[in-house]
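Visitor: Here you go, sequence then predicted model.
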Amino acid sequence: MNKIDLIEELAIIGGVTEKEAYTIVNLIFDEFAKTLQEGGRIDLRGFGNFSVRKYDGYTGRNPKTGKSVEVGPKKLPYFKTGKDLRVKLNG
C-alpha cells in the first residue's frame, strides 16, 4: 500500500471526498514528522512505535575508490512493531 492507496481507501471507508482524505493523510504525516523532528515519540497501540535514533560519526570507506571518508553524526527514524501486529503477522 502506498500513500495514494491509503487516501483512496480513507475516502471510500470514511465517506469523504478524495480531496478531504488527501488533506487528512497529509495532516497526519506532517504531525508525525514534526513530532519526530522535535525528538518526540509516536505510539500507535497495537501497531508500533516510531522514534528517532542518534548515531555517532564514524570513518567509512568509499566502495568505489577504497578511500576513507568521514561520516558525520546523524539521526534516523526507527520503528518497532507492536505486539498485536507481530501476532497478526505470525499467526
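Guide: Arrived safely, thanks for sending.
Visitor: Point out where this structure drops to low pLDDT.
Guide: Judged against pLDDT under 70, the chain has no low-scoring part.
Visitor: can you pull out the strands in it?
Guide: Listed in chain order, the strands of the chain (DSSP state E) span 42-44, 48-55, 58-61, 68-71, 74-81.
Visitor: Tell me which residues are up against the first one.
Guide: Contacts made with strand 42-44 from outside it, assessed by CB atoms under 8 Å, 6 or more residues apart in numbering, are listed as 32, 35-36, 49-51, 82. The way it works is simple: take the backbone N, C-alpha and C, and place the C-beta from them, glycine included.
Visitor: Same list, the residues you listed, but as TSV with distance to Pro63 and neighbour count please.
Guide: Shown next, in TSV, are those (distance: CB to CB, whole Å; neighbours: other CB atoms under 10 Å):
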residue	distance to Pro63	neighbour count
Phe32	33	15
Thr35	35	15
Leu36	30	17
Asn49	33	14
Phe50	30	18
Ser51	30	15
Gly82	36	15
